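Sequence plus predicted model, see below.
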Amino acid sequence: MSVENKVFRLRSCIAIVHRGQIVEFFDSNLRVGFSIEQSYPEIIGLLHRFDGSLTVSSISALYPEIFIHELCALALFLQEKYALIEVNDPYSQSDVDSRPRLINTLESYFHSTSEVKKAISQGSKTSVLIIGLGAVGSWVLHCLIKAGVQNITVMDDDVVEVSNLHRQDLFFEADIGKPKATTARDNIRHSYGIGIKAICKKMESVEDLGSLPDTQNLIINCADFPSVDKTSRIVSDFCLKNKTPHIIGGGYNLHLTLIGQVVIPGLTACFHCFDQVLTPTNAADLFGVKKLNRKTRKIGSIGPVCGVSASITATEAIKVIFGAPLQFLAVVNKRVEFNLSNFDFGAFAVSRNTVCKYCSNDTV
């Protein structure tokens, strides 16, 4: 279809400021902006004509002093900059009523309403496995449910303990002693009417994941026993072999939270790429440090700290689930930490090793 016959709309997240000959556009979702120099005095009124009801040709007829090719060029430029979205397939009223915030979010990642609708359809079909329902996994699960993700499987062999209740979601005093996986499933069904699958099993090997009855499109590792590194390695090895996007484990301890990074096999740094870079650094930092042998040592963290890791992990998972382009994934090719004591986010870049024996194009 020619540009003249296309219909565009200003995205609802876009704010416009006109100062002299400068027009500034600001995306309140992504917190980014750009500006153009434009001397046309009616530019703001013209921009508001892109309301999703008029073709570019129809708008041009209202402003005969503007050449149609100039208006087409402006529309395409603003679409490319994610200020305008092409309205080529209207949303269903049920989606508009029930998922306005999801639609608003997804419009920041795509150039047309048809792409947003495709993303919503994809998200409803995507199978997600969450391993571990502790202080990160339980919050991730709840966030995904609230975002409209329905095809979820949870895997955990643990039971609810009284020490879990202050920082883990979906569990209550009446649930103490019950399996976490089935308890989370039952409480979600009761609150949302959504059925998820529960597997009361500990993940101890790649074979444990390979024996699952359903194919998973995204695996989120939130298990930390016997260690985050051990469980993340298992998930990574399984997912790289099967070319499955995955989020490797994050963690928390008192004031420090580690955000689990997203891995898209063959496109981003994998667990082993990170391991190759971080192992020497960690060895130097821990040189001479001895671990205390305390069998009763059990340090957790307060809920909000765990929630930081979980919220960011869930946000990135939603992008993967609904098919956002790779450029919009924030926690790829980097290690991210949050320090509660000074509210500082730190990021350590790790580039994908193109000759990595685990994730290079020759092996994936």
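On my side now, so go ahead. Numbers count the residues shown, from 1 in each chain.

Near residue 169, how many other residues are there?
For residue 169, the count of nearby residues is 23 (other Cβ atoms under 10 Å). C-beta here means a position set from N, CA and C on the backbone, and glycine is covered the same way.

That one touches residue 139, doesn't it?
Yes. In this structure, residue 169 is within contact of residue 139 by Cβ atoms under 8 Å, at 4.8 Å.

Before we go further, residue 212 is sitting in a strand, right?
No. Read with DSSP: H, G, I helix; E, B strand; the rest coil, residue 212 is coil and lies in no strand.

and the helix or strand encompassing residue 277, average pLDDT?
Assigned by DSSP states H and E, residue 277 belongs to helix 271-285. If you average the pLDDT over helix 271-285, you get 75.

Can we start the residue count at 345 from this point?
I'll keep to 345 as the first residue from here, and by that count the last item is helix 615-629.

ok, then the element right after that helix?
Past helix 615-629, the next helix or strand by DSSP H and E is helix 647-665.

Could you list every helix and strand in contact with that next one?
Judged by 3 or more Cβ pairs under 8 Å, 6 or more residues apart in numbering; DSSP states H and E, the packing partners of helix 647-665 are helix 457-469, helix 481-490, strand 562-565, strand 590-591, strand 595-597, strand 600-603, strand 606-607, strand 678-683.

With distance to residue 497 added, can I get these in TSV?
Shown next, in TSV, are the helices and strands packed on helix 647-665 (distance: least, Cβ to Cβ, whole Å):
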stretch	distance to residue 497
helix 457-469	14
helix 481-490	10
strand 562-565	10
strand 590-591	14
strand 595-597	22
strand 600-603	23
strand 606-607	19
strand 678-683	26
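
which one of these has the lowest average pLDDT?
Among the helices and strands packed on helix 647-665, strand 595-597 scores lowest, at a mean of 67.

if we can go back for a sec, just tell me which of the helices and strands packed on helix 647-665 ends up closest to residue 572.
Residue 572 lies closest to strand 595-597 among the helices and strands packed on helix 647-665, at 5.0 Å (Cβ to Cβ).

Using the three-state scheme, assign the closest residue to residue 482 other than its chain neighbours.
Among residues not flanking residue 482 along the chain, residue 513 sits closest, at 4.2 Å (Cβ to Cβ, 6 or more residues apart in numbering). With three-state DSSP as the basis, residue 513 sits in coil.

what residues are up against residue 513?
482, 483, 485, 486 (Cβ atoms under 8 Å, 6 or more residues apart in numbering).

What is the least confident helix or strand in this structure?
When each helix and strand of the chain is scored by mean pLDDT, DSSP states H and E, strand 595-597 comes last, with a mean of 67.

got the contacts of residue 513 as CSV, with neighbour count and distance to residue 535 columns?
Output for the contacts of residue 513, formatted as CSV (neighbours: other Cβ atoms under 10 Å; distance: Cβ to Cβ, whole Å):
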residue, neighbour count, distance to residue 535
482, 27, 13
483, 25, 15
485, 27, 12
486, 19, 9
